[in-house]
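Asker: coordinates for the following, if possible.
(chains A, B, C and D)
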There are 4 protein chains.
Amino acid sequence: MNLNSLKEEVCNANIKLVNYGLVTLTWGNVSAIDRTEGLIVIKPSGVDYDELKPEDMVVVDMEGKQVEGKLRPSSDTPTHLELYRAFSQIGGVAHTHSMYATIYAQALEEIPCYGTTHADHFFGQIPLTRLLTEKEVEEAYELATGRVIIERFQKLDPLSMPGVLVASHAPFTWGKDASEAVKNSLILERVAEMAFATVQLNPESKPVDSFILKKHYTRKHGPDAYYGQ
Amino acid sequence: MNLNSLKEEVCNANIKLVNYGLVTLTWGNVSAIDRTEGLIVIKPSGVDYDELKPEDMVVVDMEGKQVEGKLRPSSDTPTHLELYRAFSQIGGVAHTHSMYATIYAQALEEIPCYGTTHADHFFGQIPLTRLLTEKEVEEAYELATGRVIIERFQKLDPLSMPGVLVASHAPFTWGKDASEAVKNSLILERVAEMAFATVQLNPESKPVDSFILKKHYTRKHGPDAYYGQ
Amino acid sequence: MNLNSLKEEVCNANIKLVNYGLVTLTWGNVSAIDRTEGLIVIKPSGVDYDELKPEDMVVVDMEGKQVEGKLRPSSDTPTHLELYRAFSQIGGVAHTHSMYATIYAQALEEIPCYGTTHADHFFGQIPLTRLLTEKEVEEAYELATGRVIIERFQKLDPLSMPGVLVASHAPFTWGKDASEAVKNSLILERVAEMAFATVQLNPESKPVDSFILKKHYTRKHGPDAYYGQ
Amino acid sequence: MNLNSLKEEVCNANIKLVNYGLVTLTWGNVSAIDRTEGLIVIKPSGVDYDELKPEDMVVVDMEGKQVEGKLRPSSDTPTHLELYRAFSQIGGVAHTHSMYATIYAQALEEIPCYGTTHADHFFGQIPLTRLLTEKEVEEAYELATGRVIIERFQKLDPLSMPGVLVASHAPFTWGKDASEAVKNSLILERVAEMAFATVQLNPESKPVDSFILKKHYTRKHGPDAYYGQ
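Answerer: Next comes the predicted model:
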């Protein structure tokens, strides 16, 4: 079992999250999965980003049992695991409290697709989970957070909608690997800030027509993709 | 045919766009034209900015046929070409998804001239194109984007109004060369942010009087220019 | 009496305040207390941050009498002292005019807990002091500033609520030491900015349920803490 | 006549304006006066800040006649001169198009004193000039800009109110020397941003009581000053 390159990838992805300006203090974490081995590599709990080294990364199995690492895994690990179990095509997960995505989560609003920047990367309105019940919060908070995401995605495709807003909390994003999950965190944050200011400027703003959404998404993704700025 | 210096200029202009904070990930591109040869040098598609080198630049002719370069040209190339064909005096074109210019494009609003910062550089309200039809989007999206810009400029002078907002999309700017096109992207972004906050502060804000607009524009541009801060 | 390590800690904490982007010019100060000796180490008055050295720190006793240091202590020293006298468990105090916390203080509004970012660090709505009377302002302004904070905390626990907004002025935060006080200044600023934009986006936004507040706070603080992102 | 140290001071002050983030491209300028010689040192016109050297500074007399320097003086020189002629106690003048001060100028609103950050530095509401008439704009625009500032200050003290908003244009600030003029530009910008967001958060916000204004201003300025954070 050689997870060294995955540890390095996850460590770098966590640092990139900070360099993108998406993280205050330790408010963020990235993980990646080795589907063959059924093992997840994730950031350790509460470590400062400027001291983060690949060998600090923690390895857990699909049930959350710690397999490697001297430090404890991020307390958000149960949420990451739930996403890997439910979305079999994803390889990386990122979580931040980035300013504008978090603001939408706090305002309990989904992010409408107001333009092509959004349409290029997320195929439709960014979904918001329901609020957790008191029972869910008390019993297994982080696991329940994963479950309300899955619940919200019953009719959504996690590949064309690689992110979600957890109500009153903050965003999670994912992708084929840790690096793509982080990139989607950055895009979600920009799209959220643009949407926020769009409705401040013009409260009557409407989402783009569905043919625009489809054109933009398919020119970047899928078999007929040709796009690259 | 020696396009090396133009490639270097276009490469530098693309990098400047990033240094000005106008670009997230790869969301932007700059081109320049050699009018004598009828050749356009443009950023390649989807390459990271921190790896961009002059020799990566792509050369296409006025019809978009690739003449030089191993990489594909930016997928926005047809829009750039349409601008070069219609605006015979321009030498460079820049495209970004910069925050506030894009917000105006998404809110489907033109940017009124609320002050002298705007008046110094753009002679009047920043124009907005009409929305594309479904047919235009399906058939030749990037070309149609260029065409609605030209359509919007039927009664406008592209030299005194060196930029436009493409509805639901983002801005394009231009200038006598790539460097000036990039500078105009930066100015448009600042002017857009100022206009946004001006109407937030005072929703009754009115554009400046036409004599202010004329004074500011002509002291910086044209035969009687004397301005320099 | 060896206060050298405390001076270094306080100097570093003051510099961190600047690096976090919470300070314009000299608008901020941090202190720490040696409870055994009854001595407070605080930033000197009006010194530029980029010239700040540990040996510049000023030492005063609990009544404000200067014990060490060639420079005068920060003019906010009486406020710091009042906090140390009233809140016996705290070891450090920080004061800034950071943008969004100051805006809430100016708007005379407390900061509701709109999400888990807030709930992770402050156990409830961030309190606002009452306005000072003319007499208080004239007689002993900085001392009175401390006193209205204490007055506001009559039914609050300074450990679970490590910060306050002084009406028309700006925030003070504290913690077990200078470093934690500074960290709380940063968190308060982020929480304030998020709250500001949350109500801009959705003016009907409501604070989170009390069970969310309790869960988030207790998983990070107290005997059952397990949290770490 | 040795103006070398003043040239260095003015050059550094211009560069500081940029480092404070108050200037886009070349949108700003700083000058200082040698009252004994009756000579003003000012930034040259349209030169990039990163190439600015002390020997590039231009020297003009009180009537604007160029005395030294190969480059032309800033086109805003007539405004600076008018300020030096009318405000005999000032030694430096700064002009920027900084974001929030400019937004207030564009919205044609004065900046109310909503808190102590403002009160510490500007003794009252930041004044706004009247709009220029068409005749004034046509005949001697930059001189008229100076004149409407003086007109607005008929009942104001330029020392306790070291800045102004020129309607539809942008701010000018001043001080005992170039460095203080630049510092006041920075403070004005922060105060403007705070005021902007204060009214966004609470449209009913009221200016601070006059005793707060007086206390804060006099503890920092004048014979009884004791303040220093």
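Asker: contacting residues for the closest residue to A:Ile187 other than its chain neighbours?
Answerer: Leaving aside its sequence neighbours, A:Ile187 sits nearest to A:His121 (CB to CB, 6 or more residues apart in numbering or on different chains; 4.8 Å). Placement of C-beta: from N, CA and C, glycine included. Under the criterion of CB atoms under 8 Å, 6 or more residues apart in numbering or on different chains, the contact list for A:His121 reads A:162, A:184, A:187, A:191, A:217, A:220.
Asker: one more: A:Lys70?
Answerer: Not one residue lies near A:Lys70 by CB under 8 Å, 6+ apart.
Asker: next one, pLDDT for it please.
Answerer: Listed pLDDT for A:Lys70 reads 94.
Asker: report the separation between it and A:Asp34.
Answerer: Separation of A:Lys70 from A:Asp34 (CB to CB, to the nearest Å) stands at 20 Å.
Asker: now the longest strand that chain A contains: mean pLDDT?
Answerer: The residue-count maximum for a strand in chain A (DSSP state E) belongs to strand A:28-34. Across strand A:28-34, pLDDT averages out at 98.
Asker: and that strand, what does it pack against?
Answerer: Applying 3 or more CB pairs under 8 Å, 6 or more residues apart in numbering or on different chains; DSSP states H and E, one finds that strand A:28-34 makes contact with helix A:4-19, strand A:39-42, helix A:77-86, strand A:92-96, helix A:178-201.
Asker: what about the nearest residue to A:Asn202 once chain neighbours are set aside, distance to chain D?
Answerer: Once flanking residues are discounted, A:Asn202 sits nearest to B:Ala107: 3.7 Å by CB to CB, 6+ apart. Distance of B:Ala107 to chain D, given as CB to the nearest CB, to the nearest Å: 18 Å.
Asker: list the contacts of the nearest residue to A:Glu193 once chain neighbours are set aside.
Answerer: In space, and not counting its chain neighbours, A:Glu193 is closest to A:Tyr100: 4.1 Å by CB to CB, 6+ apart. Counting by CB under 8 Å, 6+ apart, A:Tyr100 touches A:189, A:192-193, A:195-196, C:197.
Asker: most neighbours of all these, which one?
Answerer: A:Ala195 (29 neighbours; other CB atoms under 10 Å in any protein chain shown).
Asker: which ones are touching that residue?
Answerer: Contact analysis of A:Ala195 by CB under 8 Å, 6+ apart lists A:100, A:104, A:111-112, A:114, A:118, B:106.
Asker: parallel or antiparallel, list what pairs with the longest strand of chain A.
Answerer: Strand A:28-34 has the following strand partners under DSSP bridges: strand A:39-42 (antiparallel), strand A:92-96 (antiparallel).
Asker: quick one on the thing from earlier: list phi and psi for the residue nearest to A:Ile187.
Answerer: Per-residue torsions, A:His121: phi -130, psi -30 (degrees, to the nearest 10).
Asker: ok, it to A:Met194 distance?
Answerer: 12 Å.
Asker: the residue nearest to the spatial centre of chain A: what secondary structure?
Answerer: Among the residues of chain A, the one closest to the centroid is A:Thr173, at 1.4 Å (CA atoms, centre = their mean). Recorded secondary structure, A:Thr173: strand (DSSP: H, G, I helix; E, B strand; the rest coil).
Asker: so in terms of bridging, what pairs with it?
Answerer: A:Ala94, A:Gly163.
Asker: tally of neighbours for A:Thr218?
Answerer: A:Thr218, neighbours per other CB under 10 Å, totals 17.
Asker: separation between it and chain C?
Answerer: In terms of CB to the nearest CB, A:Thr218 sits 30 Å off from chain C.
Asker: what helix or strand is the closest residue to that residue other than its chain neighbours on?
Answerer: Leaving out its chain neighbours, the residue that sits closest to A:Thr218 by CB to CB, 6+ apart is A:Asp224, at 6.0 Å. Following DSSP states H and E, one finds A:Asp224 outside all helices and strands.
Asker: my read is that A:Val208 contacts B:Ala167, right?
Answerer: No. With contact defined as CB atoms under 8 Å, A:Val208 does not reach B:Ala167; the gap is 9.5 Å.
Asker: list the contacts for A:Glu110?
Answerer: Taking CB under 8 Å, 6+ apart as the test, what A:Glu110 contacts is A:104, A:125-128, A:165.
Asker: other SSEs contacting the helix or strand bottoming out on mean pLDDT in chain A?
Answerer: Least confident helix or strand, chain A: helix A:210-220 with a mean of 88, by mean pLDDT, DSSP states H and E. Helices and strands touching helix A:210-220, by 3+ CB pairs under 8 Å, 6+ apart, are helix A:116-119, helix B:134-152.
Asker: do the first one and chain B meet at all?
Answerer: So the one you mean is helix A:116-119. Yes. Contact of helix A:116-119 with chain B (CB under 8 Å from any CB of the partner chain) involves A:116-117.
Asker: what's next to that helix, contact-wise?
Answerer: Counting by CB under 8 Å, 6+ apart, A:111, A:113, A:190-191, A:194-195, A:208, A:212-213, A:215-217, B:27, B:97, B:102, B:168-170 sit against helix A:116-119.
Asker: for that helix, output the C-alpha coordinates as PDB.
Answerer: What follows is helix A:116-119, C-alpha atoms only, in PDB (Å, rounded to 0.1, in the frame of the first residue of the first chain):
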ATOM      1  CA  THR A 116     -21.900  32.200 -18.400                       C
ATOM      2  CA  THR A 117     -19.200  32.200 -15.700                       C
ATOM      3  CA  HIS A 118     -21.500  30.000 -13.600                       C
ATOM      4  CA  ALA A 119     -22.900  28.100 -16.600                       C
END
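Asker: ok, now which ones touch the residue of chain A found nearest chain D?
Answerer: Here chain A gets closest to chain D at one residue, A:Gln200, 9.2 Å apart by CB to the nearest CB. Contacts for A:Gln200 were tallied using CB under 8 Å, 6+ apart; they are B:196, B:200, C:200.
Asker: tell me the gap between stretch A:62-80 and the middle of its chain.
Answerer: Relative to its parent chain, stretch A:62-80 has a centroid offset of 17 Å by CA atoms, centre = their mean, to the nearest Å.
Asker: before we move on, what about stretch A:130-143?
Answerer: Stretch A:130-143 has its C-alpha centroid displaced from the chain centroid by 19 Å (CA atoms, centre = their mean).
Asker: again, but for stretch A:48-60
Answerer: Relative to its chain's centre, stretch A:48-60 lies at 19 Å (CA atoms, centre = their mean).
Asker: who's in contact with A:Pro207?
Answerer: A:112-114, A:125, A:213.
Asker: and A:Asn216, what is it in contact with?
Answerer: Careful, residue A:216 is His; it's not Asn. Counting by CB under 8 Å, 6+ apart, A:His216 has contacts A:116, A:119-120.
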